[in-house]
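In: coordinates only, sequence not included:
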Ligand code: EPZ
């Protein structure tokens, strides 16, 4: 199992290219099921989760071709996928695949919309929480699907097609909103989605669906209206930059000190996170090439943050912010309001010398002068990168184990940080 070795204490200076967003790529790939024509996606990141979803879609009969390198392209270019669901040969998504990558549960809506039926394994929980799918099932019911749970599988049928309806989410759910959007796009009639998720990835998927012939308005706000159409066509769409990767490297720079251009980053995708970084003492400068992050010798100021659905501070940056606050001059408080168990990084940060107290969903972080390197264990995607951030400023050597978590969501992390001066290497085996 690969590990990552970091020797802390070096500033970051240079440019980090931001890849396409994982959390847009996954639903965009799934949206290919909605049409028999080819969907071309540009700027797709080279991630383990993307490769796994290719396998999962292949199980339904989807053909995926990856373009080869073009003249002048460097490794920083995202890949281009040509995805063709001309013939869906299997409407079952098996447990052994869905349990490996939860978002694959989202094939439910397009399979029912296109084929009139689907049998999709319940994804089960994961490290950060039980992750129920009751609201995704509710959305499908509101679109006229008959749903039953059988042996851990959601069996959905709509032999006469889905029909438009009113969907009001009692709580904001990204997956629920993707499900409602994809189902409604091919439903007979109009659908209104209230209390919809407003994450930028929702708007990116809606933008692509509209290129495919869907008629969606209001994506990115809490109220989305979809006029169903009979068919969707192929299209070409470039994945938007990854706001969580952007925020992660911004916090790494604030932690290590230095001056880094986050190339292709779009500030409006994570303004809440940039506001917190500015409060902590980093300098955030939007440029026409992306966003520049700098922190000179001045220390880090403590902050008070609660995670929230977009446009609030993203839960996917909570662990990274906590790592940063371990070195603040004072006491910070971070409250996790989205997931019930998203503090697994706390135990590992403590091994590096951090002082963190937990009280339910609230963490109190008392900044310390110095962290000390140690072997640490990753438990989930974002927790693992918070250990890398802490290690960049820790004295001596840190070994981050189980980096397969990192590979799920961060493309060439050690290369991107190494190119900016970090003492970081991957130890294979
Ligand atoms: C998406 O997960 C993201 N994943 C998550 O990123 C992200 O943390 C999350 O949205 C919140 O922003 C992808 O986009 C692939 P939710 P999702 O439905 O859709 C509860 C990462 O690190 N809920 O918005 O599964 C749920 O338990 C991942 O990239 C229900 O109760 O999250 C949670 O408390 C981690 N019933 C809250 O809603 C449901 O049916 C928000 O979950 C669905 C969700």
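Out: Sure, I can see it. These numbers were taken from a predicted model, which means no experiment stands behind them.

In: Next, count neighbours for residue 373.
Out: Residue crowding around residue 373 was assessed by other CB atoms under 10 Å; the count is 22. Backbone N, C-alpha and C define where each C-beta goes, glycine included.

In: So if we follow the domain assignment, how does this structure break up?
Out: Following automatic domain parsing, one finds the domains of the chain at 3-17+241-427, 26-238.

In: Nearest to the ligand among those domains would be which one?
Out: Shortest distance between the ligand and those, using CB to the nearest ligand atom, is found for domain 26-238: 3.0 Å.

In: now that closest one, how far from the chain's geometric center?
Out: Domain 26-238 has its average C-alpha position 15 Å from the chain's average C-alpha position, going by CA atoms, centre = their mean, to the nearest Å.

In: before we move on, back to that, make a markdown table from the domains of the chain and add mean pLDDT to it.
Out: Rendered in a markdown table, the data for these read as follows (pLDDT from 0 to 100):
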| stretch | mean pLDDT |
| --- | --- |
| domain 3-17+241-427 | 97 |
| domain 26-238 | 96 |
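
In: Turn the ones you listed into TSV, including distance to the ligand.
Out: Rendered in TSV, the data for the domains of the chain read as follows (distance: least, CB to the nearest ligand atom, whole Å):
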stretch	distance to the ligand
domain 3-17+241-427	5
domain 26-238	3
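
In: For residue 43, give me its contacts.
Out: Applying CB atoms under 8 Å, 6 or more residues apart in numbering, one finds that residue 43 lies in contact with 19-20, 77-78, 238-239, 241.

In: An error on my part: the question was meant for residue 156.
Out: When contacts are counted by CB under 8 Å, 6+ apart, residue 156 is found next to 108, 111-112, 117-120, 140, 145-147.

In: ok but it is inside a strand, no?
Out: Yes: the assignment for residue 156 (DSSP: H, G, I helix; E, B strand; the rest coil) places it in a strand.

In: hey, what's it bridged with?
Out: In this entry, residue 156 is beta-bridged to residue 118, residue 147, by DSSP bridges.

In: Off-centre distance for stretch 315-334?
Out: Taking the mean of its C-alpha atoms, stretch 315-334 sits 19 Å from the chain's own mean (CA atoms, centre = their mean).

In: Quick one, which of the contacts of residue 43 are buried?
Out: With neighbours counted by 16 or more other CB atoms under 10 Å, the contacts of residue 43 contain buried members at 19-20, 78, 238-239, 241.

In: about what we covered before: of the contacts of residue 43, just say which sits nearest to residue 382.
Out: Sorting the contacts of residue 43 by distance to residue 382 puts residue 19 at the head of the list, at 15.7 Å, by CB to CB.

In: My read is that the closest one contacts residue 245, right?
Out: Yes: judged on CB atoms under 8 Å, residue 19 makes contact with residue 245 at a distance of 6.1 Å.
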